[in-house]
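Asker: what shape does this take:
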Amino acid sequence: MKETISIDEFDGKKFKIRFIEEEDNRKAVLTHYLHNYHNGVKKHYEKEAKEYLNQIVEYKNQEAELQLVNEVALQQLLFEVENVPFPTPKNYKFKFIDLFAGIGGFRLALQSLGGKCVFTSEWDENAKKTYRANFGETPFGDITKESIKKYIPDDFDVLCAGFPCQAFSIAGKRGGFEDTRGTLFFDVAEIIKRKRPKAIFLENVKGLRNHNGGKTLATILNVLRNDLGYFVPEPQIINAKDFGVPQNRERIYIVGFRNDLGIDNFDYPKATNKNVTFSQIKEENVPPTKYFLSTQYVQTLVNHKARHEGKGNGFGYAIIPDDGISNAIVVGGMGRERNLVLDHRITDFTPTTHIKGTVNREGIRKMTPREWARLQGFPDDFVIPVADASAYKQFGNSVAVPAIRATAKKIIELISFNDDNRK
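Answerer: Below you'll find the predicted structure:
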């Protein structure tokens with residue numbers, strides 16, 4: 001229940017930010033508590049969750065009535081977090097946390113393998129909306145803050161993180177844990193150091209391999225292997241197109257296992273050799289006219305490409321044939337224009353948005369957000385509750401779910417086999 005206090009009476013914008021953060025934390029605590037209501041993890045969130053639950057129910061004069069209202073409210077909230085497209089497996093086999101969660105690509109993959117997510121964080125507000133719509137859970141916010149880290153429970157099996165790539169200040173240093181301070185990898189490493197999960201699964205852009213002359217990756221591996229005590233095989237570049245989606249998307253995967261588990265070998269998954277093309281994920285019906293480019297914009301793209309070709313560069317738009325595969329979908333940098341398609345099914349060329357020129361007659365259009373979702377391996381019942389601009393950003397920033405799942409399956413098999421041998 002939001003308070004009716006004038007923000008102007010307090011510390012201006014700073015108070016407003018603190019107020020919003022507090023509200024977000026309450027939602028995160030409560031939904032994490034409800035998601036873990038039927039297992040022991042709920043104790044980690046219980047004290048604060050019950051306080052927040054009392055704040056959002058209708059108070060009655062008599063204690064018995066209050067308890068009744070509490071129970072009704074609790075059951076309603078449990079229904080809301082459980083009646084979602086992708087609920088937690090009832091008989092889960094392992095627990096994991098989802099850092100820099102985006103819209104839940106890691107979560108989709110690991111839940112499908114029988115995993116239960118016991119903590120998630122993501123700072124982007126629109127991504128949080130999409131995450132909540134699909135999983136019934138509001139992610140915690142900025143993981144760099146100690147106030148957020150304190151909510152991470154103990155005793156989970158796998159830490160997942162698609163952390164951003166940042167350079168480290170390691171000039172003249174050994175490139176260890178302390179040298180990563182001020183970067184988001186430091187926060188991941190700090191959580192690993194505190195919680196000691198059995199396995200870690202990190203994802204990043206392909207460029208991490210050569211970032212800062214290779215020093216960034218070398219520092220990450222040194223921290224994981226020597227400072228934190230994990231067996232980390234050589235990272236591998238994994239391409240989404242090798243795992244059943246028609247997208248040429250290369251990302252670096254870093255996998256690690258706690259040394260005391262005795263795991264000293266890991267084989268990354270092999271390509272499935274499924275020949276998938278764009279035609280298999282293309283919209284079943286002709287998309288709205290707003291996705292078709294104007295004649296003037298098409299000409300602008302043609303001119304732009306010609307200028308770059310004249311300089312010997314390969315920059316510019318690209319049209320993906322139905323029997324081809326897309327370029328990597330990315331945010332910005334002509335991410336949409338590098339993945340245009342032809343769709344001759346259009347019959348109504350009346351513009352539905354303000355454009356310069358007319359709708360082109362060649363059938364050139366952008367891919368739709370749903371097509372981008374399919375390129376990343378998201379199922380069609382994955383809810384897209386945000387506007388197109390946010391949806392493109394969210395799917396462009398996401399992981400390719402089938403490739404993540406194939407790798408996670410190998411991780412879970414190893415730690416499960418290890419657990420069986422220890423019994």
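
Asker: ok, which stretches of this protein are strands?
Answerer: 94-99, 115-120, 158-161, 199-205, 230-231, 236-239, 247-248, 250-258, 319-320, 326-327, 340-342, 364-365 (DSSP state E).

Asker: now mean pLDDT and distance to residue 353 too, for those, in CSV please.
Answerer: Where C-beta positions appear, they are placed from N, C-alpha and C, glycine not excepted. Shown next, in CSV, are the strands of the chain (pLDDT from 0 to 100; distance: least, CB to CB, whole Å):
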stretch, mean pLDDT, distance to residue 353
strand 94-99, 97, 36
strand 115-120, 96, 35
strand 158-161, 98, 38
strand 199-205, 96, 32
strand 230-231, 98, 51
strand 236-239, 97, 35
strand 247-248, 96, 27
strand 250-258, 97, 33
strand 319-320, 96, 21
strand 326-327, 96, 24
strand 340-342, 97, 17
strand 364-365, 97, 13
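
Asker: to residue 266, which of the ones you listed lies closest?
Answerer: strand 250-258 (5.8 Å; CB to CB).

Asker: buried ones in that closest one, by neighbour count?
Answerer: Within strand 250-258, the residues scored as buried using 16 or more other CB atoms under 10 Å are 250, 251, 252, 253, 254, 255, 256, 257, 258.

Asker: and the third one, how close does it get to residue 413?
Answerer: Counting by CB to CB, to the nearest Å, the gap from residue 252 to residue 413 is 22 Å.

Asker: same thing with the fifth one?
Answerer: Taken as CB to CB, the spacing of residue 254 relative to residue 413 amounts to 18 Å.

Asker: what does the last one give?
Answerer: Taken as CB to CB, the spacing of residue 258 relative to residue 413 amounts to 16 Å.

Asker: try the fourth one
Answerer: From residue 253 across to residue 413, the span is 16 Å (CB to CB).

Asker: count of neighbours near the nearest residue in space to residue 396 that is not next to it in sequence?
Answerer: Of all residues not flanking residue 396 in the chain, residue 331 sits nearest, at 4.2 Å (CB to CB, 6 or more residues apart in numbering). By the measure other CB atoms under 10 Å, the count of residues near residue 331 is 12.

Asker: ok, now residue 109?
Answerer: The number of residues near residue 109, taken as other CB under 10 Å, comes to 24.

Asker: just so I know, which of the strands of the chain lies nearest residue 144?
Answerer: strand 94-99 (10.8 Å).

Asker: low-confidence stretches in the stretch 301-423 of the chain?
Answerer: 312, 314, 333, 417-423 (pLDDT under 70).

Asker: would you map the helices across it?
Answerer: Assigned by DSSP state H, counting those that start in this stretch, the stretch 301-423 of the chain shows helices spanning 369-375, 388-397, 401-422.

Asker: for those helices, which one ends up most surrounded?
Answerer: helix 369-375 (a mean of 23; mean count of other CB atoms under 10 Å).

Asker: residue 231: how many residues sit nearby?
Answerer: 18.

Asker: from memory it sits against residue 254, does it?
Answerer: No - using CB atoms under 8 Å, residue 231 makes no contact with residue 254, being 11.9 Å away.

Asker: the residue nearest to residue 396 against residue 393, yeah?
Answerer: Yes - judged on CB under 8 Å, residue 331 makes contact with residue 393 at a distance of 5.1 Å.

Asker: could you list the low-pLDDT ranges of the stretch 101-250 of the chain?
Answerer: Using pLDDT under 70, the stretch 101-250 of the chain drops low at 166-177, 179.

Asker: rerun that using 80 as the cut-off
Answerer: For the stretch 101-250 of the chain, applying pLDDT under 80 flags the ranges 165-182, 212.

Asker: helices along that one, start to end?
Answerer: Using DSSP H, counting those that start in this stretch, helices in the stretch 101-250 of the chain cover 105-111, 125-135, 146-149, 184-195, 215-222.

Asker: dump the ones you listed to JSON lines, plus distance to residue 301.
Answerer: Output for the helices of the stretch 101-250 of the chain, formatted as JSON lines (distance: least, CB to CB, whole Å):
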{"stretch": "helix 105-111", "distance to residue 301": "30"}
{"stretch": "helix 125-135", "distance to residue 301": "27"}
{"stretch": "helix 146-149", "distance to residue 301": "43"}
{"stretch": "helix 184-195", "distance to residue 301": "35"}
{"stretch": "helix 215-222", "distance to residue 301": "34"}
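
Asker: right, so the ones you listed: which one is the most enclosed?
Answerer: helix 105-111 (a mean of 26).

Asker: how close does residue 93 get to residue 294?
Answerer: Counting by CB to CB, the gap from residue 93 to residue 294 is 52 Å.
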